[in-house]
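1. Okay, sequence plus prediction incoming.
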Amino acid sequence: MGYERNRFRSVGPGAHILGTVVEYDANHRWRNQPSGWRLAVYAVVLVAVLISFISARGCFSPKPSSKAKGDAAVAKAATASDGIRQAKHKKTSQTSPAKIQVPSQAARQASSWAENASGRSARERTLLLRLADAERQGRLAIAVDTIEQLRARPSMADIDDKLARRLGTLNVKRLFSGEAVPWVVDVTVRRGQSVHRIAKEHGTTVAAVRQLNGLSPAEEPKAGRTLRVLEFPRATFVVHKQTRHADLTLNGKLFKRYYVSVGKNTVPGAYPITSAPNEGPRSRFAALGIRVAPTDMRELDMFLAPGSSLTVSEM
């Protein structure tokens, strides 16, 4: 068996093998070779063609761009981040206790009255339940209205003092809440108006104008500003010597009840509050031996304007 030299042609991957086979057969020697040898040659040729085909596909296959790689990395990182957040949220929801809204002392007191109202009328039980709901929800106006209705019923005398004191706390909250209340009006400051002039024009006190509007002791409001002002509250302060409490009424309705201490020698009677140096609230209290807490005195400075009435009762 021989091979002819210089008959290979390099025309492509695996082409020189095919060329040799063709030329070998052209000399009429291929048919005379054993069949096993021919099968081996066929196998070599097929392997060469397969390798050439795979190599060509590899050369022309598009490679993933750097942007695609970056997008894939970002997506993978986002997926991992979402997994971490979900795990943290799950852990927090499992370990953090739920927040429980604790009712205020006033709400608990009103609820207690409602729960222990078996001996009261249906209307009284309804009002007590209404008060408890208003206290829980922080609805000041409804709570005030309900207390006033309860105090108007003689059968509620056993809790009247507690109702009166709660009423005062709610009224003060309403006064500073910014909501509309019966005793307050909105006033637009005119050019040249001072705090003293505004207080005098509306029958109120300088302390009320300053405290309701957050003005410092020396501050004067600018023209055009809207102020909340007590409008002629017609305050009356009745001191009860025996029970040691005093009721402040505005325009004829109870506003707040205070604890007071009264001297034994205090003479019952009416003592008007005026603008005279010795007839202001503090001067009157000192002369009559009436003592209140400092915070209550600052509060009373707001309401007891000149023209207010101070009465001392023997009861």
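-> Here it is on my side, so go on.

2. Stretch 188-198 spans what distance, first to last residue?
-> Using CA to CA, to the nearest Å, one end of stretch 188-198 lies 10 Å from the other.

3. Can you tell me what sits against it?
-> 187, 206, 209-210, 215, 220-227, 229 (CB atoms under 8 Å, 6 or more residues apart in numbering). Backbone N, C-alpha and C define where each C-beta goes, glycine included.

4. Show me those residues that map onto helices.
-> With DSSP state H as the criterion, helices contain V206, V209, R210 from among those.

5. hmm, back to that, show the buried residues in the contacts of stretch 188-198.
-> Buried residues within the contacts of stretch 188-198, counting neighbours by 16 or more other CB atoms under 10 Å: V187, V206, V209, R210, L215, P221, L227, V229.

6. Name the spans of the stretch 101-250 of the chain whose pLDDT lies under the cut-off.
-> Residue ranges of the stretch 101-250 of the chain with pLDDT under 70: 101-103.

7. At which residues are the helices of it located?
-> In the stretch 101-250 of the chain, the helices defined using DSSP state H, counting those that start in this stretch lie at 105-115, 122-137, 140-151, 160-177, 195-201, 206-213.

8. Figure out which of these is closest to Y258.
-> helix 160-177 (7.7 Å; CB to CB).

9. Contacts for the closest one, please.
-> Applying CB under 8 Å, 6+ apart, the contact partners of helix 160-177 are 106, 109, 140-141, 143-144, 147-148, 150-151, 156, 181, 183-184, 212, 245, 247-248, 254-258, 299.

10. ok, the ones in helices among the contacts of stretch 188-198 vs F285, which is closest?
-> Using CB to CB, those come closest to F285 at V206, 18.3 Å.

11. quick one on the thing from earlier: N265: which of the helices of the stretch 101-250 of the chain is closest?
-> Closest approach to N265 among the helices of the stretch 101-250 of the chain is made by helix 160-177 (26.4 Å; CB to CB).

12. And the closest one, what's buried?
-> Residues L163, A164, R166, L167, G168, L170, N171, R174, L175 are the ones in helix 160-177 that count as buried (16+ other CB under 10 Å).

13. State the distance from K241 to L288.
-> 10 Å (CB to CB, to the nearest Å).

14. ugh, typo on my part, it should be T243
-> Here the criterion is CB to CB. By it, T243 lies 17 Å from L288.

15. more crowded one of those two?
-> When neighbours are counted by other CB atoms under 10 Å, L288 comes out ahead of the other of T243 and L288, with 18 against 12.

16. and for K241 and L288, which residues touch both?
-> V262, T266, V312.

17. Now list the buried members of those.
-> V262, V312.

18. so can I have TSV of the shared contacts of K241 and L288 showing secondary structure and distance to P294?
-> Output for these, formatted as TSV (DSSP: H, G, I helix; E, B strand; the rest coil; distance: CB to CB, whole Å):
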residue	secondary structure	distance to P294
V262	strand	17
T266	coil	20
V312	strand	21
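
19. Tabulate the shared contacts of K241 and L288 (TSV), appending pLDDT and distance to R191.
-> Below are the shared contacts of K241 and L288 laid out as TSV (pLDDT from 0 to 100; distance: CB to CB, whole Å):
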residue	pLDDT	distance to R191
V262	94	47
T266	92	47
V312	97	44
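
20. just the shared contacts of K241 and L288 now: which is nearest A114?
-> Nearest to A114 out of these is V262 (CB to CB; 35.4 Å).

21. What residues are bridge-paired with the closest one?
-> When assigned by DSSP bridges, V262 has beta-bridge partners I290.

22. Domain map for the chain?
-> What automatic domain parsing lists as the domains of the chain is 15-60, 105-179, 182-232, 235-313.

23. Strands along this structure, start to end?
-> Assigned by DSSP state E, the strands in the chain fall at 184-188, 226-230, 235-240, 245-250, 253-259, 261-262, 269-272, 290-291, 309-313.

24. Format these as a markdown table; extra columns: distance to H196.
-> Output for the strands of the chain, formatted as a markdown table (distance: least, CB to CB, whole Å):
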| stretch | distance to H196 |
| --- | --- |
| strand 184-188 | 14 |
| strand 226-230 | 13 |
| strand 235-240 | 19 |
| strand 245-250 | 21 |
| strand 253-259 | 24 |
| strand 261-262 | 32 |
| strand 269-272 | 21 |
| strand 290-291 | 27 |
| strand 309-313 | 22 |
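
25. Show me the one of these that comes nearest E279.
-> Comparison of the strands of the chain against E279 by CB to CB identifies strand 269-272 as nearest, at 6.9 Å.
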